[in-house]
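Trainee: Whatever this is, show me its structure:
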Amino acid sequence: MAIAIASLAFLLIYPETFSGLLIKSEVHIYSVVLTAVVMVGSGPVGDIFILIAAPTMLKITKPD
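Mentor: Okay, here's the model as predicted:
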């Protein structure tokens, strides 16, 4: 969870690094699909999903 926060903070501090996540291809649909996969897998969207899901997962797995 701390790595997701650090990653999002880094992206906010250095927004020009966002262009490194964009994939350019000759075929436009490939660019869109591959960029979406990168954004969810290792980009800011994935970090946001981690931050949303982590409290719920910790709550469910907490021993009674």
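
Trainee: State which helix of this structure is the longest.
Mentor: If you go by DSSP state H, the chain has its longest helix at helix 44-61.

Trainee: Tell me the buried residues in it?
Mentor: Residues 44, 47, 50 are the ones in helix 44-61 that count as buried (16 or more other Cβ atoms under 10 Å). Backbone N, C-alpha and C define where each C-beta goes, glycine included.

Trainee: same question, stretch 30-47
Mentor: Neighbour counts using 16+ other Cβ under 10 Å place 35, 38-39, 43-44, 47 of stretch 30-47 among the buried residues.

Trainee: Between those, which sits nearest residue 19?
Mentor: Nearest to residue 19 among those: residue 35, at 10.9 Å, using Cβ to Cβ.

Trainee: separation between residue 37 and residue 30?
Mentor: Distance of residue 37 to residue 30, computed by Cβ to Cβ, to the nearest Å: 10 Å.

Trainee: brain fart, residue 61
Mentor: 38 Å.

Trainee: repeat for residue 40
Mentor: Separation of residue 40 from residue 30 (Cβ to Cβ): 16 Å.

Trainee: could you dump the buried residues of helix 44-61 to a markdown table with distance to residue 56 and pLDDT?
Mentor: Putting the buried residues of helix 44-61 into a markdown table (distance: Cβ to Cβ, whole Å; pLDDT from 0 to 100) gives the following:
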| residue | distance to residue 56 | pLDDT |
| --- | --- | --- |
| 44 | 20 | 87 |
| 47 | 16 | 89 |
| 50 | 11 | 89 |
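
Trainee: got those residues as CSV, with distance to residue 14 columns?
Mentor: Written out in CSV, the entries for these read as follows (distance: Cβ to Cβ, whole Å):
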residue, distance to residue 14
44, 12
47, 15
50, 20
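
Trainee: Give me the residues contacting stretch 39-58.
Mentor: Stretch 39-58 has contacts (Cβ atoms under 8 Å, 6 or more residues apart in numbering) with 1, 4-5, 7-8, 11, 18, 21.

Trainee: For ChimeraX, what selects the buried ones among the residues you listed?
Mentor: In ChimeraX, a selection of the buried entries from these looks like this (16+ other Cβ under 10 Å):
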select :4,7,8,11
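
Trainee: Sounds good, over and out.
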